[in-house]
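A.B. asks: my questions are about this predicted structure, shown below with the sequence.
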Amino acid sequence: MILHVVPLDEWSADPHLPYRPPSLATEGFVHCSADEASALAVADARYRQVPGPLLVLCVEESALAAEVRWEGVGSVLFPHVYGPVERAAVTAVLEVRRDAEGRAIGLAARG
């Protein structure tokens, strides 16, 4: 299982098509994380100022048609998906819980 952080508006923009975040066009891959702690760190570092709900997609790596490469950023390996994410590969959608300053403090089931 790999995780991807995404604002709700971006994830829900076109629910009938595979998910294609802006990074797929600009960098050639979808950024993902290997675990909850890494996903929360990404949410905190890159999405703290983004208004509205912030989600974490739980993606079944083996259900993706696109290649997944585990690539290093410093000494940490991150999974990068080199193509769109099929919605059928998303097994759960969690919501990032944030404190009053917008810091990511945990994940919760989306209700």
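C.D. replies: Okay, I see it. What you see is a predicted model; the values in this text were computed from it and never measured.
A.B. asks: quick one: mean pLDDT for the longest strand anywhere in the chain?
C.D. replies: Secondary structure of the chain per DSSP state E: the longest strand is strand 90-98. Along strand 90-98, the predicted confidence averages to a pLDDT of 96.
A.B. asks: ditto for stretch 67-87
C.D. replies: If you average the pLDDT values across stretch 67-87, you get 92.
A.B. asks: run the chain-centre distance for it.
C.D. replies: Offset of stretch 67-87 from its chain centre (Cα atoms, centre = their mean, to the nearest Å): 11 Å.
A.B. asks: any idea how far apart the tips of that stretch sit?
C.D. replies: From its first residue to its last, stretch 67-87 covers 16 Å (Cα to Cα, to the nearest Å).
A.B. asks: same thing with stretch 65-75?
C.D. replies: Stretch 65-75 has an end-to-end distance of 27 Å (criterion: Cα to Cα).
A.B. asks: once you drop chain neighbours, what's closest to residue 76?
C.D. replies: For residue 76, ignoring the flanking residues on the chain, the nearest one in space by Cβ to Cβ, 6 or more residues apart in numbering is residue 38 at 7.4 Å. Using the backbone N, CA and C atoms, a C-beta is placed for each residue, glycine as well.
A.B. asks: so which strand or helix has residue 78?
C.D. replies: Secondary structure assigned from DSSP states H and E places residue 78 in strand 76-81.
A.B. asks: partners of that strand, with directions?
C.D. replies: Based on DSSP bridges, the pairing partners of strand 76-81 within the sheet are strand 30-31 (antiparallel), strand 68-73 (antiparallel).
A.B. asks: return the set of buried residues in the last one.
C.D. replies: Going back to what we said before, that points to strand 68-73. Along strand 68-73, the positions that meet the burial threshold by neighbour count (16 or more other Cβ atoms under 10 Å) are residue 68.
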